[in-house]
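>>> Predicted structure and sequence below. I'll ask about it afterward.
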2 protein chains.
Amino acid sequence: MDGFLAKVTITITMKPTLLDAQGRTVEGALKAIGYDDVAGVRVGKVIELEVPGSDVATIEATAAEMCDRLLANPVLEDYRISVTL
Amino acid sequence: MDGFLAKVTITITMKPTLLDAQGRTVEGALKAIGYDDVAGVRVGKVIELEVPGSDVATIEATAAEMCDRLLANPVLEDYRISVTL
């Protein structure tokens, strides 16, 4: 490769239509300590990694492939990818 | 409040100096399926929530307080907050 390391941030969350039990639990805990007006809490995963390369489109495609093959469950989860060169 | 709902995204990761066992495992799995040049994999949590309000500084302060009191472990973890109105 060309010596550049790109930083990739992958955010994986449950699909909006599915019940997010962990989010529901966190929301209850926040309300219990006084944050009464908090709503819509969702808990997901974030995976940060570095790959060599400097072409954002190629890196995004590689990261999407990683998600489809290993990191995310496409039936239950959505993922977002952001690349910082 | 004034009827606005702000979307808050809180990203919680292990402090960089600490061994991230989950990240190490994911990195090994990625290498095992052919992504040999992936490095520095870290796995964290992302918490998305909505709170009423339209003043970013106030909302950020509230979210930081939620992290300190409940969501993050300040000894082991760092957090980043981003607010979208």
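Perfect, thanks for sending it.
>>> Leaving out the residues flanking it, which one is nearest to A:Ala29?
Among residues not flanking A:Ala29 along the chain, B:Leu70 sits closest, at 6.0 Å (CB to CB, 6 or more residues apart in numbering or on different chains). C-betas here are computed from N, CA, C, even on glycine.
>>> quick one: contacts for that neighbour?
By CB atoms under 8 Å, 6 or more residues apart in numbering or on different chains, the residues touching B:Leu70 are A:26, A:29-30, A:33.
>>> Just the residues you listed: which are in helices?
Within the contacts of B:Leu70, residues falling in helices by DSSP state H are A:26, A:29-30.
>>> hey, which strand is longest across chain A?
Identified as the longest strand of chain A according to DSSP state E is strand A:39-52.
>>> That one relative to strand B:39-52, how many degrees between them?
Using axes from the mean of the first three to the mean of the last three CA atoms, to 10 degrees, one finds that strand A:39-52 and strand B:39-52 are set 160 degrees apart in direction.
>>> name the helices or strands packed onto strand A:39-52?
strand A:5-14, helix A:21-32, helix A:56-66, strand B:5-14, helix B:21-32, strand B:39-52 (3 or more CB pairs under 8 Å, 6 or more residues apart in numbering or on different chains; DSSP states H and E).
>>> And that strand, what's buried?
Buried residues in strand A:39-52, counted by 16 or more other CB atoms under 10 Å in any protein chain shown: A:41-51.
>>> What pairs with that strand, parallel or antiparallel?
Here strand A:39-52 has these sheet partners by DSSP bridges: strand A:5-14 (antiparallel), strand B:39-52 (antiparallel).
>>> Take the ones you listed and lay them out in TSV including distance to B:Ala64 and mean pLDDT.
Shown next, in TSV, are the strands paired with strand A:39-52 (distance: least, CB to CB, whole Å; pLDDT from 0 to 100):
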stretch	distance to B:Ala64	mean pLDDT
strand A:5-14	20	96
strand B:39-52	12	96
